[in-house]
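A.B. asks: structure of the sequence below:
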Amino acid sequence: MSARGGVGLDDLADKTAAARSGDKVAIADRNAARLVVLNLFRSLAAYVQKVSANDLSTLLSSGFEATKVPVRRGIPAAPGNVRLSYNGKGGQLYLRFGRVAGVSSYMIQVATSLEGPWVTRDPVTSTRVTLDGFTPGTVYYIRVAAVGSAGTSALVVPP
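C.D. replies: Residues are numbered from 1 along each chain as shown. You can find the predicted model right below:
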């Protein structure tokens, strides 16, 4: 897929070889050539998609592979079934909640009153968390939220 004027895969291969020297100008030239090739492939893919008119067999006969369209996710749902319990060790509590699909982590906040101030703990990826650093005899309020690429869910306080 080489185009006239030194643009395309051949040009990218030449510039990639030159960039191996570590020369910053050669690396910049390689990066620019890579963008040209990517744009050529994107244009070709758009053309094939349009001509195939969403017919899978026509699309596959072009040499391209079918892929799923990425789904944009909105704000994640709040974690459900949130439960907090004492695990038998002084200064520790055990927090469990339901997994939320498509999230990267969970945010846990702790306060000594419902009005705050709320202290945000380090993000966690597990839905079963041992929390420590509590003073026995003190009342604590805990809430949890799911964190995804589109934002953070509503905060949930265990019953």
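A.B. asks: got the end-to-end distance for stretch 79-90?
C.D. replies: Its first and final residues considered, stretch 79-90 spans 26 Å by Cα to Cα, to the nearest Å.
A.B. asks: give the buried residues for that stretch.
C.D. replies: 79, 82, 84 (16 or more other Cβ atoms under 10 Å). For the C-beta atoms, the positions are set from N, CA and C on the backbone; glycine is no exception.
A.B. asks: isn't the first one right next to V144, touching?
C.D. replies: Yes - in this structure, P79 is within contact of V144 by Cβ atoms under 8 Å, at 5.5 Å.
A.B. asks: so for the longest helix seen in the chain, mean pLDDT?
C.D. replies: Secondary structure of the chain per DSSP state H: the longest helix is helix 24-52. Helix 24-52 shows a mean pLDDT of 83.
A.B. asks: packing partners for that helix?
C.D. replies: strand 7-8, helix 9-19, helix 56-61 (3 or more Cβ pairs under 8 Å, 6 or more residues apart in numbering; DSSP states H and E).
A.B. asks: outside of stretch 52-68, which residues touch it?
C.D. replies: Contacts of stretch 52-68 with the rest of the structure, by Cβ atoms under 8 Å, 6 or more residues apart in numbering, involve 45, 48-49, 51.
A.B. asks: lowest-pLDDT helix or strand in the chain?
C.D. replies: Least confident element among the helices and strands of the chain, by mean pLDDT, DSSP states H and E: strand 2-3 (a mean of 40).
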